[in-house]
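# let me see the structure of the following:
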Amino acid sequence: MTTQTVTLDLPELLYQKLRLRAAQSQRTVEDELLEVLATAVPVADDLPAELSAAITPLATLNDADLWRAAQTQLPANVAARLEELHLKRQREGLTGHQEREAAALIRQYERAMLIRAQAAALLKQRGHDVAGLLAAA
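Predicted structure coming up:
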């Protein structure tokens, strides 16, 4: 695999968060950042058709619509239910029905996060400062 060198200026708060994560996982900041990027920016060809279809239209949106997409959040009731199932799984395990429900909610969460990340990436490509989106995440 070929690699490219990138110099990146990070806001101090973001750098400190990455440094802390790196220390907790006993990795370098560079390795941690590479992991975060690899997770947040999957190659579209590697995405399931449903996810690829969700992000492909983003490129045609105007900036205002991209900002809205980049700031969307999982509905509070969905996030709360996902957390509830996560905690129950840790405590006592889930029934088959609950496992399927959790899987569906995780897919919904992943879809929302992918849309947010892609919208932010497009805004950045268009010259916008998206640092505020990182702080809000």
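# how far away is A53 from A80?
28 Å (Cβ to Cβ, to the nearest Å). From N, CA and C alone the C-beta is placed, and that goes for glycine too.
# hmm, I was thinking of Q24
From Q24 to A80 the distance is 26 Å (Cβ to Cβ).
# same check, this time on L122
Counting by Cβ to Cβ - L122 and A80 are separated by 30 Å.
# count the residues that sit near A120.
23 (other Cβ atoms under 10 Å).
# go ahead and confirm it touches A131.
No: judged on Cβ atoms under 8 Å, A120 makes no contact with A131 at a distance of 10.0 Å.
# distance from stretch 59-72 to the middle of the chain?
16 Å (Cα atoms, centre = their mean, to the nearest Å).
# in the protein, which spans are strands?
Using DSSP state E, no strands are found in the chain.
# in it, where is pLDDT below threshold?
For the chain, the stretches flagged by pLDDT under 70 are 1, 38-45, 135-137.
# what's the domain layout of it?
Taking automatic domain parsing as the domain assignment, the ranges for the chain are 9-40, 44-136.
# so which of those domains is nearest T3?
Taking Cβ to Cβ, domain 9-40 is the member of the domains of the chain nearest to T3, at 9.6 Å.
# quick check: buried residues in that closest one?
Residues 17-18, 22, 32-33 are the ones in domain 9-40 that count as buried (16 or more other Cβ atoms under 10 Å).
# check which helices and strands the longest helix anywhere in the chain sits against.
Counting by DSSP state H, the longest helix found in the chain is helix 96-125. Identification of packing neighbours for helix 96-125 by 3 or more Cβ pairs under 8 Å, 6 or more residues apart in numbering; DSSP states H and E yields helix 49-55, helix 63-71, helix 76-91, helix 131-136.
# do that again at 7 Å, thanks
When contacts are defined as 3 or more Cβ pairs under 7 Å, 6 or more residues apart in numbering; DSSP states H and E, helix 96-125 packs onto helix 49-55, helix 63-71, helix 76-91.
# quick one: contacts for R19?
Counting by Cβ atoms under 7 Å, 6 or more residues apart in numbering, R19 touches V29.
# that one and R27: what is the separation?
Look at R19 and R27: by Cβ to Cβ, they are 11 Å apart.
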